[in-house]
Structures are given as structure tokens and as C-alpha cells.
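>>> what's the 3D shape of this:
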Amino acid sequence: MSELPENPKLSKLFRLQWEEAQDNYVLLYPEGMVKLNTSAAEILKRCDGQRDIAAIVNDLETTFSATGLQADVEEFMRTAQERGWIR
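You can find the predicted model right below:
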């Protein structure tokens, strides 16, 4: 299993944006589009290269009045890294 990036950032090959026609956030890339669920979009919005994973988790937990999100966020980050969405 590869190590997660210290301060994850969206890959330059992808663009995260709200797509009115989809009524959802999507990741756009040259070959197409990935429709994201709400959780994935909220995590990726915070992947700015400035925050580490702990800060992203803290922000999500504060914003959504939740606790215990660390494992879920890390699991999503691994998937996003495998798919080349973050670096």
C-alpha cells in the first residue's frame, strides 16, 4: 500500500467543479467526467496542497458536526490517489 501524500492536492489533470446539469460536483478530465458523491466532493474541495490529512479531517468534522472520520477520509484518499485524482 502506497503512502498517502502529506498535503494532498488535486492532480492538474482534473478539475473539480459544480455541474448544474448533474446537480452535483464532478471531476472533469480530458477523457470525460466523474460524478462525485457529496462526501467525495467535500474531501476533494479541501485537497489544496496546503492542508495535511489531519487538518482536512478536522475541518470536515467541524463543518459537519461529526467525529471519527479519519479512517473514512484516509480510505477515500487512497482510492483517489490510486485513480490519480490527488498527488
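
>>> Give me the local confidence score for the residue sitting furthest away from the middle of the chain.
Relative to the centre of the chain, and counting by CA atoms, centre = their mean, the farthest-placed residue is A21 at 21.0 Å. In this model, A21 is scored at 91, pLDDT.

>>> any idea how far it is from M33?
According to CB to CB, to the nearest Å, A21 and M33 sit 10 Å apart. C-beta: built from backbone N, CA, C; applies to glycine.

>>> Ok, R78 next?
22 Å.

>>> Also Q81?
When CB to CB is the yardstick, Q81 and M33 sit 19 Å from each other.

>>> of these two, who's got more company?
Per other CB atoms under 10 Å, whichever of Q81 and M33 has more neighbours is Q81, with 17 against 14.

>>> Which element, helix or strand, includes the residue sitting nearest the centre point of the chain?
Geometric centre of the chain, nearest residue: L44, 2.2 Å, by CA atoms, centre = their mean. When secondary structure is defined by DSSP states H and E, L44 falls within helix 38-45.

>>> Tell me the spacing between the residue lying closest to the residue nearest to the centre of the chain once chain neighbours are set aside and S65.
Distances taken as CB to CB, 6 or more residues apart in numbering put L16 closest to L44, at 5.3 Å, once the chain neighbours are dropped. Remark: distance between L16 and S65 (CB to CB) = 24 Å.

>>> hang on, the earlier thing: run through who's touching the helix or strand following the helix holding L44.
If you walk from helix 38-45 toward the C-terminus, the next helix or strand you reach (DSSP H and E) is helix 53-63. If you take CB atoms under 8 Å, 6 or more residues apart in numbering as the criterion, helix 53-63 is touched by 4, 8, 42-43, 46-47, 51, 66-67, 69-70, 73-74, 77.
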